[in-house]
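> heads up, no residue letters with this:
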């Protein structure tokens with residue numbers, strides 16, 4: 001029997017109350033939860049010796065210092081003792097000064113039990129060990145990771161100091177969320193400083209820093225993380241499905257294989273990786289820059305994405321998909337390479353050869369190009385409807401990574417409010433990824449967009 005799905009795990013940089021031997025979890029779903037000892041102002045941990053069993057009820061636990069209402073909901077890590085069952089348990093209720101755990105913690109009389117109540121975990125691998133070795137995983141669990149630097153120290157996954165591999169653990173195929181956060185903004189925010197998972201010269205045995213493995217109805221999420229591959233043979237975030245695995249608001253760089261692979265990617269930035277920035281992904285509002293391979297390789301239906309300065313093509317689209325409002329700039333090969341794809345409201349500018357290339361039938365609708373090397377189009381292009389020819393740079397400051405539209409004649413001015421819209425509707429969207437801002441009307445403030453809500 002595992003812990004309840006309502007247990008929330010906390011990971012913090014190693015310190016006074018951060019250790020992979022700690023309780024590390026808090027369940028606000030118990031009847032009368034006390035103080036969360038894993039994070040915030042309540043962060044603390046207690047090392048116990050001489051833990052006792054109580055009568056014939058193996059779920060009850062006693063200590064001379066007495067348990068209190070503040071302890072309820074916290075997880076205790078039972079580490080040893082005669083007849084004790086090592087593992088993680090939740091304090092659910094009190095009977096006088098004794099605590100009732102969520103399940104049996106002993107098989108008989110125990111007077112010398114040891115354990116640690118509260119505190120946070122210290123590494124992703126420590127969480128993986130709880131899931132895999134201790135078999136304490138339940139679908140629906142969440143884990144939060146405080147900003148700071150977490151350096152890998154072990155090549156083996158799912159041990160303290162190692163990488164996290166949900167595919168190799170009891171969490172395989174179960175709903176799970178791993179989210180980084182900055183305590184200045186709170187656990188649910190997408191702003192501030194991300195936690196940094198640094199390979200620090202250690203290559204995980206599976207060559208993936210974070211592995212997610214969801215199934216239908218049980219998706220998994222890696223959210224608001226930064227991964228530094230240190231130019232080692234790793235992929236930063238690796239999934240197994242374009243439907244069930246998700247990377248959201250993550251930054252991945254300096255991986256020798258791929259930045260992010262085989263998952264739905266939203267609001268992510270993959271840069272300066274030796275290989276592709278993204279591979280086999282469904283990307284929305286993402287950027288891939290300065291990678292040694294393609295920006296987005298074998299990608300499915302990228303929307304509002306930017307590929308700039310990659311050595312390969314900006315976008316290599318999967319069979320029968322589309323790309324909407326994307327930008328390919330200064331990529332070493334082509335802007336867009338596609339198989340039976342549709343491109344709508346896109347910009348391809350100053351790429352190595354063709355701006356748009358159809359390996360098989362390619363349909364272009366309302367797409368812009370300029371500073372062409374080999375030609376606007378190449379290969380098999382079925383139709384090029386509403387082509388926008390740029391005679392000037394359309395971007396505000398591409399050297400600084402600002403791909404908003406300028407108002408230069410023949411440049412950004414041709415793309416402003418020129419995007420094709422829904423039939424029977426009058427729309428004023430831009431061609432390209434970053435929409436321009438009109439002057440604020442009287443009595444109304446500016447529209448708050450994704451860039452204001454998410455720090456990338």
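Done, it's in. For clarity, every value in this text was computed on a predicted model and none was experimentally measured. Numbering: from 1, shown residues only.
> C-alpha from now on. contacts and neighbour counts both.
Noted.
> need the longest helix for this protein.
helix 124-132 (DSSP state H).
> Tell me which residues are up against that helix.
Contacts to helix 124-132, defined as Cα atoms under 8 Å, 6 or more residues apart in numbering, come from residues 11, 20, 88, 121, 136-137, 157-166, 168-171.
> what separates the residue lying farthest from the centre of the chain from residue 105, distance-wise?
Largest separation from the mean C-alpha position in the chain: residue 55, at 46.9 Å (Cα atoms, centre = their mean). In this view, residue 55 and residue 105 are 13 Å apart by Cα to Cα, to the nearest Å.
> Give me the phi and psi for the nearest residue to residue 434 once chain neighbours are set aside.
Spatially, and ignoring its direct neighbours in sequence, residue 434 is nearest to residue 404 (5.0 Å; Cα to Cα, 6 or more residues apart in numbering). The phi and psi values for residue 404, taken as degrees, to the nearest 10, are phi -70, psi 160.
> residues contacting residue 404?
Here residue 404 is in contact with 395-397, 433-436 (Cα under 8 Å, 6+ apart).
> quick one: which of those residues sit in strands?
Counting by DSSP state E, the part of these found in strands is 395-397.
> Reformat those residues as CSV; add distance to residue 109.
Compiled in CSV, those are given as follows (distance: Cα to Cα, whole Å):
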residue, distance to residue 109
395, 73
396, 73
397, 72
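> Filter those down to the buried ones and hand me the ChimeraX line.
Buried residues among those (16 or more other Cα atoms under 10 Å), as a ChimeraX selection:
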select :395,396
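> count of neighbours near residue 399?
10 (other Cα atoms under 10 Å).
> sec struct for it, please.
Three-state assignment for residue 399 (DSSP: H, G, I helix; E, B strand; the rest coil): helix.
> where does residue 31 land in three-state SS?
Here residue 31 is coil, with the state taken from three-state DSSP.
> close enough to count as contact, it and residue 93?
Yes. Between residue 31 and residue 93 there is a contact at 7.5 Å, judged by Cα atoms under 8 Å.
> of these two, who's got more company?
When neighbours are counted by other Cα under 10 Å, residue 31 and residue 93 differ, and residue 93 comes out ahead with 23 against 11.
> what packs against the one helix or strand the more buried one maps to?
Here residue 93, judged by DSSP states H and E, is contained in strand 87-95. Applying 3 or more Cα pairs under 8 Å, 6 or more residues apart in numbering; DSSP states H and E, we find strand 87-95 packed against strand 75-80, strand 98-101.
> Tell me which strands it pairs with, and in which orientation.
strand 75-80 (antiparallel), strand 98-101 (antiparallel) (DSSP bridges).
> Please point out which parts of it sit buried.
87-94.
> Report the rounded mean pLDDT for the longest helix of the chain.
Mean pLDDT, helix 124-132: 97.
> what's the angle between the helix or strand following that helix and helix 124-132?
Counting by DSSP H and E, the next helix or strand C-terminal to helix 124-132 is strand 141-146. Relative orientation of strand 141-146 versus helix 124-132 (axes from the mean of the first three to the mean of the last three Cα atoms, to 10 degrees): 170 degrees.
> which outside residues touch strand 141-146?
Outside strand 141-146, the residues within contact range by Cα under 8 Å, 6+ apart are 5-13, 175-183, 187, 194-195.
> and if you look at stretch 202-221?
Contacts of stretch 202-221 (Cα under 8 Å, 6+ apart): 139, 152-157, 162-167, 172-179, 199, 222, 227, 232-241, 243-248.
> one step back: same list (the strands paired with strand 87-95) but as a markdown table, adding mean pLDDT and distance to residue 111.
Below are the strands paired with strand 87-95 laid out as a markdown table (pLDDT from 0 to 100; distance: least, Cα to Cα, whole Å):
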| stretch | mean pLDDT | distance to residue 111 |
| --- | --- | --- |
| strand 75-80 | 98 | 11 |
| strand 98-101 | 98 | 14 |
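> which one of the ones you listed lies closest to residue 341?
Proximity to residue 341, assessed across those by Cα to Cα, is greatest for strand 75-80 (51.4 Å).
> next one: that closest one to chain centre, how far?
Centroid separation between strand 75-80 and its chain, computed with Cα atoms, centre = their mean, to the nearest Å, is 30 Å.
> Stretch 353-363 too?
Worked out by Cα atoms, centre = their mean, stretch 353-363 lies 31 Å from the chain centre.
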